[in-house]
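A.B. asks: One predicted model, sequence on top.
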Amino acid sequence: MLINRKEVEQIAVLAKLRVSESEIDAIATSLDSVVEMINHINEVNTDHVKPMANPMDAVQRLRVDVVKETSKKEQLLSMASNADDDYYLVPTVVE
Amino acid sequence: MNLHGIKQISAALHSKDISVQELHDIYTNRHAIHAEQLNCFINTTPELAKKQIKSSQALIDSNQANILTGIPIVHKDLFCTKDIKTTCASHMLENFVAPYDATIVENLNQAGMVTLAKANMDEFAMGSSNENSYFGAVKNPWDHNRVPGGSSGGSAALVAAGLSPIATGSDTGGSIRQPAALCGVTGIKPTYGRASRYGMVAFASSLDQAGVFARSAEDCTLILSQMCGFDPKDSTSAQVDNENFAINQNQSIKGLKVGVISEWMDLLPENIKLTTQQAINKLKDLGAELVEIELPTAHLAVSAYYVIASAECSSNLSRFDGIRYGQQCSNPKDLNDLYVRSRTEGFGEEVKRRIMVGTWALSAGFYDAYYRKAQKIRRLISEDFKNAFKNVDCIASPVSPEIAFEFNAKKDPVSMYQADVFTIPSSLAGLPCMSMPIGLVDNLPVGLQLIGKNLSESTILNVAHQYQQDTNFHNLVAEGYHE
């Protein structure tokens, strides 16, 4: 196995997902099959190949740093499940 | 009246043979008969349509209309639509209402098109069968026991069923071309950067590209020309001039060099291979010169794609924290519990799998071995295409290694991922590519893929148009769906 139970648990922690005890073997098996497929990329030597991040080899364009938009605070806060007039509400972080 | 084709519909609107309202009613009457059974819509948009019918009719009446004014359209439910739900077929965004329109939606609205509905899809555009939708799978109009393909399965199925002449879609690794092939419609993904990604919910940012479904290449051409264009709001938008893709539309393809990949043809079952070969021979009959080409690294495309797409997916979907928008779990006991339970409850199985694969590939110690390595393979595949295009003007290839398969036929993820073996290479290279119908096998549609050089949409659209001028496969309609 390329991916074992312990690794599945670690990945889930990093991805902020919960994996129940009953699911863990099935997830390990399915991730393992995907990783096995992915490993084919190692069949070719790429020592002198430049990685391609953008298919057009374009670089990220920067915009001019000027204020353009007015505040959309109310509109944006209205999309949250829990918000006050000015803040998003979350469970207590610091007692 | 003849509902086939934007040009005919538009002529009828302009000559007042039909009003925008009457045209709209023809389609909504068809929705009443077919939409629920196919499950191709997530939400219909009658209030928006009402406003747009009024404004587009006013444009027609005052002679200010263009060819798209009053034409109905359905948007894949990952394009943000102002004040209307955009769910991405996910429980996570089940009640999400976008505060703005995606740029491509805005561009099409500006032309006076009338929005009928938002189309069903695989959750967050991840899938090749539409079985990953939180709202249930879309059925293929040709056989209700079979998948329409994915992820833009709703868009493909509804155009095939005549529920709208046009639908938008998005394509990351084949999500327009494969469902277009499986449902027997024409679909195109333009060059990466041609259509704005602003307001299109992100899956894999270096691959995602908006596109369009219609019956014919001619209709795709009209829509794509209006949809595309440089957008300062999308940092990866290609800085090229707007183009009328119809520019080459009536040119003969005599002498055009069309690349053929024998290695791919040999992977097809005999009956699909025969149909594909016949379509390629038809291009030859129309004057094209067939040239054998090779793409030596393309067999690694699916592997490289599932590193890159999953990595970008895990990064993009980290925005869903349950706090700012989207589904939030009930009674979280602390902040971490809120994050973890909101995400675990909000995402479906395939989305979680890809997030986990991507998280793994980007985790400490693996980045160089997987993400960076996959980007190098991507470069090699792109070079393969560049070399091929030294000798050919476009490439003709299969779209899908199989016809529409039955629901639950592919239980393991890897066999599902192989459904996109012919569409992923051109996605990695960012090339314009499309699928057009070329006939039936076992009474189910088969498509041919046309791949062009960067920014050569007009070339492949013209090849498809010339083919469709001489054949009638794009007008075939499944039993029970005749208009």
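C.D. replies: Happy to help now that I have it.
A.B. asks: And for residue 57, the neighbour number?
C.D. replies: Just going to use chain A. For A:Asp57, the count of nearby residues is 11 (other Cβ atoms under 10 Å in any protein chain shown). For the C-beta atoms, the positions are set from N, CA and C on the backbone; glycine is no exception.
A.B. asks: Switch to chain B, please.
C.D. replies: With other Cβ under 10 Å as criterion, B:Gln57 counts 21.
A.B. asks: Now it. Nearest residue, chain neighbours left out?
C.D. replies: Of all residues not flanking B:Gln57 in the chain, B:Val20 sits nearest, at 4.5 Å (Cβ to Cβ, 6 or more residues apart in numbering or on different chains).
A.B. asks: quick one: that neighbour from chain A, how far?
C.D. replies: Distance of B:Val20 to chain A, computed by Cβ to the nearest Cβ, to the nearest Å: 31 Å.
A.B. asks: and that residue, what is it in contact with?
C.D. replies: By Cβ atoms under 8 Å, 6 or more residues apart in numbering or on different chains, the residues touching B:Val20 are B:13, B:53, B:56-57, B:60, B:70, B:114.
A.B. asks: Specify which member of those is nearest to chain A.
C.D. replies: Ranked by distance to chain A (Cβ to the nearest Cβ), those are led by B:Val114 at 25.9 Å.
A.B. asks: In this model B:Lys51 seems to touch that closest one, though I could be wrong.
C.D. replies: No - using Cβ atoms under 8 Å, B:Val114 makes no contact with B:Lys51, being 9.2 Å away.
A.B. asks: For the residue nearest to B:Gln57, give me phi and psi.
C.D. replies: Taking degrees, to the nearest 10, you get phi -60, psi -40 for the backbone angles of B:Val20.
A.B. asks: repeat for B:Pro445
C.D. replies: phi -70, psi 150.
A.B. asks: Check B:Pro398 too.
C.D. replies: phi -60, psi 160.
A.B. asks: show me the contacts for it.
C.D. replies: B:264-265, B:267-268, B:272, B:276, B:422, B:448-449.
A.B. asks: again, but for B:Ile60
C.D. replies: With Cβ under 8 Å, 6+ apart, B:Ile60 has these contacts: B:13-14, B:20, B:69-70.
A.B. asks: In helices, which of those residues appear?
C.D. replies: B:13-14, B:20 (DSSP state H).
A.B. asks: Distance from stretch B:81-91 to the middle of the chain?
C.D. replies: 18 Å (Cα atoms, centre = their mean, to the nearest Å).
A.B. asks: closest to B:Ser216 among the ones in helices among the contacts of B:Ile60?
C.D. replies: B:Leu13 (18.1 Å; Cβ to Cβ).
A.B. asks: Enumerate every residue touching the nearest residue to the closest one once chain neighbours are set aside.
C.D. replies: Among residues not flanking B:Leu13 along the chain, B:Gly70 sits closest, at 4.8 Å (Cβ to Cβ, 6+ apart). When contacts are counted by Cβ under 8 Å, 6+ apart, B:Gly70 touches B:9-10, B:13, B:20, B:23, B:53, B:56-57, B:59-60, B:112-114.
A.B. asks: So which residue is smack in the middle of the chain?
C.D. replies: I'll assume chain A. Within chain A, one residue has its C-alpha closest to the average C-alpha position: by Cα atoms, centre = their mean, that is A:Ala15, at 6.7 Å.
A.B. asks: actually chain B
C.D. replies: Short answer for chain B (Cα atoms, centre = their mean): B:Ile176, at 2.5 Å.
A.B. asks: so that residue makes contact with B:Phe213?
C.D. replies: Yes - with contact defined as Cβ under 8 Å, B:Ile176 reaches B:Phe213; the gap is 6.9 Å.
A.B. asks: Which neighbours do these two have in common?
C.D. replies: B:152, B:155-156, B:169, B:187.
A.B. asks: Mind checking which of these land in strands?
C.D. replies: When DSSP state E defines the strands, the subset of those inside them is B:169, B:187.
A.B. asks: Next one: A:Val8 from A:Ile27, what distance?
C.D. replies: Distance of A:Val8 to A:Ile27, given as Cβ to Cβ, to the nearest Å: 5 Å.
A.B. asks: any residues in contact with both of these two?
C.D. replies: In contact with both A:Val8 and A:Ile27: A:19, B:356, using Cβ under 8 Å, 6+ apart.
A.B. asks: Could you count how many residues lie near B:Glu22?
C.D. replies: Around B:Glu22 there are 13 residues (other Cβ under 10 Å).
A.B. asks: re earlier: would you format the contacts of B:Val20 as JSON lines with distance to B:Cys220 and pLDDT included?
C.D. replies: Listed next are these as JSON lines, based on distance: Cβ to Cβ, whole Å; pLDDT from 0 to 100:
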{"residue": "B:Leu13", "distance to B:Cys220": "20", "pLDDT": "97"}
{"residue": "B:Ile53", "distance to B:Cys220": "24", "pLDDT": "98"}
{"residue": "B:Ser56", "distance to B:Cys220": "21", "pLDDT": "98"}
{"residue": "B:Gln57", "distance to B:Cys220": "25", "pLDDT": "98"}
{"residue": "B:Ile60", "distance to B:Cys220": "23", "pLDDT": "98"}
{"residue": "B:Gly70", "distance to B:Cys220": "19", "pLDDT": "98"}
{"residue": "B:Val114", "distance to B:Cys220": "18", "pLDDT": "98"}
